[in-house]
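Participant: Show me how the following folds:
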Amino acid sequence: MQTTTTVEGLRGVLDAARVRGESVGFVPTMGYLHAGHESLMDRARSDCGVVVASIFVNPLQFGVGEDLDAYPRDLDGDSALATRAGVDVLFVPSVEEMYPGSVATTVSVAGVSAPMEGASRPTHFDGVATVVAKLFNIVGPCRAYFGEKDFQQLAVIRRMVADLSVPVTVVGCPTLREDDGLARSSRNVYLSPEERAAAPVLHRALCLGASLIRAGETDADTVRAAMAAEIATQALGTLDYVEVADATTLERQRECGPDSRLLGAVRFGRARLIDNVGVEPLDNVVRPPERD
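Facilitator: All right, here's what the predicted structure looks like:
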């Protein structure tokens with residue numbers, strides 16, 4: 001695996017790969033990699049000739065008082081995981097390399113970015129869209145792999161790519177979960193043992209909502225209330241939101257059905273956890289790959 005810290009260096013490697021006729025798979029991350037990221041790299045490895053992963057903790061997507069400085073970092077561990085997953089090129093730019101001057105241009109995706117995470121973290125998705133647009137411009141035409149755990153982020157990126165005719169195919173991959181249903185996340189490291197034991201309530205609540213819809217419930221407020229009540233059974237969790245939304249537009253639904261997506265955010269101490277499930281088919285549960 002090659003590691004490069006410069007835009008010029010990455011472009012040179014990928015330009016040469018395209019001259020050889022190889023397709024490019026791209027996995028953008030903020031590092032502190034886990035089996036969920038590894039599953040994205042595995043998918044890219046199976047689809048593409050050359051796999052590039054990036055590690056960049058993007059300051060633009062952190063609001064005032066959020067965990068930018070404390071965000072977990074482990075470049076040695078990340079490099080080992082990326083190597084094991086068959087990544088060909090690891091791109092690890094500095095903030096100065098990505099943003100050599102003050103940032104005067106940002107990307108904003110209206111509509112799909114406004115509710116839920118957008119309401120809780122008003123500047124977050126502008127920062128996400130800006131850095132992803134920049135990374136797509138650096139990497140060039142490719143297949144880019146994102147986990148469905150960050151479902152609203154995935155929707156924002158898909159809309160940005162469609163609206164701006166970016167030559168990137170966005171591939172959404174199923175959420176990787178622990179055995180008790182908790183979605184894999186770099187921020188899970190913040191959980192105390194007691195909070196870790198309580199955290200799966202978010203996934204249980206979302207699955208409860210999905211089961212109500214599959215059983216014939218069409219009133220979205222009834223489903224929201226049931227999910228919130230389930231989360232309230234765990235005193236360590238503080239509910240941010242639970243939502244029933246259109247799976248494509250993420251517009252809040254009054255009547256729900258097979259086209260619904262159920263999303264939620266709950267805070268456990270320092271950790272703010274997000275998750276989502278679909279209604280049909282049943283929520284995908286993916287286990288870490290077996291490795292020698």
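Participant: Please export the C-alpha coordinates of stretch 166-183 as PDB.
Facilitator: Extracted in PDB, the C-alpha atoms of stretch 166-183 (Å, rounded to 0.1, in the frame of the first residue of the first chain):
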ATOM      1  CA  VAL A 166     -20.100  14.800 -10.800                       C
ATOM      2  CA  PRO A 167     -18.600  11.800 -12.600                       C
ATOM      3  CA  VAL A 168     -18.800   9.600  -9.500                       C
ATOM      4  CA  THR A 169     -21.000   6.600  -8.800                       C
ATOM      5  CA  VAL A 170     -22.100   6.700  -5.200                       C
ATOM      6  CA  VAL A 171     -22.500   3.200  -3.700                       C
ATOM      7  CA  GLY A 172     -24.400   2.800  -0.400                       C
ATOM      8  CA  CYS A 173     -23.400  -0.200   1.700                       C
ATOM      9  CA  PRO A 174     -25.400  -1.900   4.500                       C
ATOM     10  CA  THR A 175     -24.700  -0.900   8.100                       C
ATOM     11  CA  LEU A 176     -22.200  -3.100   9.900                       C
ATOM     12  CA  ARG A 177     -23.500  -4.000  13.400                       C
ATOM     13  CA  GLU A 178     -22.400  -5.600  16.600                       C
ATOM     14  CA  ASP A 179     -24.100  -8.800  17.700                       C
ATOM     15  CA  ASP A 180     -26.600  -6.800  19.800                       C
ATOM     16  CA  GLY A 181     -27.500  -4.500  16.900                       C
ATOM     17  CA  LEU A 182     -25.400  -1.400  17.800                       C
ATOM     18  CA  ALA A 183     -24.100   0.200  14.600                       C
END
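Participant: pLDDT on it, on average?
Facilitator: Per-residue pLDDT over stretch 166-183 has a mean of 96.
Participant: Quick check: buried residues in it?
Facilitator: Buried positions in stretch 166-183, judged by neighbour count with 16 or more other CB atoms under 10 Å: 166, 168, 170-171, 173-178, 181-183. In short, each C-beta sits where N, CA and C put it, glycine included.
Participant: likewise stretch 236-243?
Facilitator: 236-237, 239-243.
Participant: Stretch 88-105 now?
Facilitator: Neighbour-count burial for stretch 88-105, counted by 16+ other CB under 10 Å, picks out 88-93, 98-99.
Participant: from those, which ones fall inside strands?
Facilitator: Judged by DSSP state E, the subset of those located in strands is 89-91.
Participant: In JSON lines: those, plus pLDDT and distance to A16.
Facilitator: As requested, those are exported to JSON lines (pLDDT from 0 to 100; distance: CB to CB, whole Å):
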{"residue": "V89", "pLDDT": "98", "distance to A16": "11"}
{"residue": "L90", "pLDDT": "98", "distance to A16": "16"}
{"residue": "F91", "pLDDT": "98", "distance to A16": "15"}
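Participant: Return the member of the residues you listed nearest to A197.
Facilitator: L90 (34.6 Å; CB to CB).
Participant: Please enumerate the helices of the protein.
Facilitator: Using DSSP state H, the helices of the chain run over residues 7-19, 35-47, 75-84, 95-98, 117-120, 124-139, 151-164, 193-198, 201-214, 220-231.
Participant: do you know which of these lies nearest D69?
Facilitator: Ranking the helices of the chain by proximity to D69 (CB to CB) places helix 95-98 first, at 12.3 Å.
Participant: For the closest one, the averaged confidence score.
Facilitator: 97.
Participant: mind checking how far that helix is from the chain centre?
Facilitator: Distance of helix 95-98 from the chain centroid (CA atoms, centre = their mean, to the nearest Å) equals 22 Å.
Participant: so where's the protein shaky on pLDDT?
Facilitator: Scanning the chain for pLDDT under 70 picks out 281-292.
Participant: domain ranges for it?
Facilitator: 2-173, 191-277 (automatic domain parsing).
Participant: can you give me the end-to-end distance of the first one?
Facilitator: Using CA to CA, to the nearest Å, the gap from the first to the last residue of domain 2-173 comes to 25 Å.
Participant: Can you give the distance of that domain from its chain's centre?
Facilitator: Distance, centroid of domain 2-173 to centroid of chain: 10 Å (CA atoms, centre = their mean).
Participant: Please apply the same query to the shortest one.
Facilitator: On the basis of CA atoms, centre = their mean, the separation between the geometric centre of domain 191-277 and that of its chain is 17 Å.
Participant: Pull the number of nearby residues for V139.
Facilitator: Per other CB atoms under 10 Å, the neighbour tally for V139 reads 22.
Participant: for the nearest residue to it once chain neighbours are set aside, what are its contacts?
Facilitator: Leaving aside its chain neighbours, V139 sits nearest to F26 (5.0 Å; criterion: CB to CB, 6 or more residues apart in numbering). Neighbouring residues of F26 by CB atoms under 8 Å, 6 or more residues apart in numbering: 44, 51-54, 135-136, 139, 142-145, 168.
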